[in-house]
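Participant: Predicted model follows, preceded by the sequence.
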Amino acid sequence: MKAFVVDRYGKKRALRLADLPTPELRDDEVLVEVHAAGVNLLDSKIRDGEFKLILPYRLPLILGHDVAGVVVKAGPRVRQFKPGDEVYARPDDLRIGTFAEAVPVKETSLALKPRNLTMEEAASIPLVGLTAWQALIAKANLKKGQKVFVQAGSGGVGTFAIQLAKHLGATVATTTSTTNVALVKSLGADVVIDYKTQEFEEVLREYDVVLNSQDAKTLEKSLRVLKRGAKLISISGPPDPEFGKEMAAPGFVKLVMRLLSSGVRRRAQGLGIGYSFLFMKANGAQLREITGLIEAEAIRPVIDRVFPFESTNDALAYVESGRAKGKVVVKTK
Ligand SMILES: NC(=O)c1ccc[n+]([C@@H]2O[C@H](COP(=O)([O-])OP(=O)(O)OC[C@H]3O[C@@H](n4cnc5c(N)ncnc54)[C@H](OP(=O)(O)O)[C@@H]3O)[C@@H](O)[C@H]2O)c1
């Protein structure tokens, strides 16, 4: 099968289009014929080598974390899926590889594709949808009437998180540049801060939750908009000790993680705010819940561009530009 692979870690190194055998299928996996693959910054970061201590992949590695496609084969222990099913998923870490014609996915990480979405639309959802779900529901337990600040509302995570937070009944503030103000309003944002002309920390007060996806300065400023008892959840670092435990990282990596976040954790604690880092995980059960919300039209996909499979490197470069409005997808079939 054709696949885009990382031969060697390196900043902005192009992926190589290779001809490889289809990966072997484990008993609890289905083989998905890839119709479309979502592109994420995580793909670039892994290619650059930023995750090599945390996710020790063997090279060459087929990249790609989001898939929509059709089941072509099911392992002997698979119960819920059969050949012909239209599905979507964020495959598990250390088992990724959706920039390819086929990818094995664990049954427990898979869900049926929302009936009202095309393959390209479906492929745009799993990683960002699960990120928003795990941040706002699993970690923050966001409730009706609470106030949440979702940074970068026009990005992949932001476009989904705004809609999920509105569905939960929260008041949503977000940041974006002038050109994307209308987009985030159309998704339901109540308070829109144009970061080119305004400072969010001068506008927002007494928030219950911040979903931080930007740099360390933004993280620090986020502390000022939260009230006592609030939650600051970051998906862009720094990692916390819990994450080190979850990843079963080597001792020195755990220590580095503890040190990297010690400052923000201490300052947050002083203000009565809980800091936590989230590294999203594959989860078929949560993805099924997301399917329900999409089919009920509570959440819709936002796609900026669809690239042909051959142009996967261009798709990755476009995502790295940091200007994507919603998601970027590669159409494989
Ligand atoms: N830990 C995890 O599990 C996890 C999961 C998903 C993502 N992430 C991380 O979260 C971050 C965001 O991911 P993403 O996929 O949403 O990124 P993305 O889609 O590439 O974000 C692009 C968007 O960011 C906006 N943006 C850029 N600078 C901004 C700023 N200073 N303030 C507000 N908006 C700004 C841009 O809007 P304008 O053009 O209007 O500026 C653009 O629409 C990345 O670092 C990613 O690696 C982590």
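Facilitator: Thanks, I have it.
Participant: Per-residue confidence, F200, what does it come out as?
Facilitator: pLDDT, F200: 98.
Participant: So what's the residue count around it?
Facilitator: 22 (other CB atoms under 10 Å). Where you see a C-beta, it was placed from the backbone N, CA and C, and this is true even at glycine.
Participant: Can you give the distance from stretch 197-212 to the centre of its chain?
Facilitator: Centre-to-centre, stretch 197-212 and its host chain are 22 Å apart (CA atoms, centre = their mean, to the nearest Å).
Participant: Outside of that stretch itself, which residues are in contact with it?
Facilitator: Contacts of stretch 197-212 from elsewhere in the structure, counted by CB atoms under 8 Å, 6 or more residues apart in numbering, are 132, 135-136, 140, 142, 146-151, 157, 161, 170, 173, 175, 178, 191, 193, 218-219, 221-222, 224-227, 230-236.
Participant: Apply 7 Å and report the result again.
Facilitator: Applying CB atoms under 7 Å, 6 or more residues apart in numbering, the set of residues contacting stretch 197-212 from outside is 135-136, 140, 142, 146-151, 161, 173, 175, 193, 218-219, 221-222, 224-227, 230-236.
Participant: got it, and stretch 49-62?
Facilitator: Around stretch 49-62, the neighbours that count as contacts under CB under 7 Å, 6+ apart are 3-10, 45-46, 93-94, 97, 99-100, 247, 249, 253.
Participant: From N40, how far off is whichever residue of the chain sits closest to the ligand?
Facilitator: For the chain, the residue closest to the ligand is G155, as judged by CB to the nearest ligand atom, at 2.7 Å. Per CB to CB, to the nearest Å, G155 is found 11 Å from N40.
Participant: ok, those two, which is more surrounded?
Facilitator: Taking neighbours as other CB under 10 Å, G155 and N40 compare with G155 leading, 28 against 25.
Participant: Could you pull up the contacting residues of the more buried one?
Facilitator: So G155 contacts A324 (CB under 7 Å, 6+ apart).
Participant: Give the next helix or strand downstream of the strand or helix carrying L219.
Facilitator: Element membership of L219 [criterion: DSSP states H and E] is helix 216-223. Downstream of helix 216-223, the first helix or strand assigned by DSSP H and E is strand 226-234.
Participant: Can you give me the buried ones in that next one?
Facilitator: By neighbour count with 16 or more other CB atoms under 10 Å, strand 226-234 contains the buried residues 226, 230-234.
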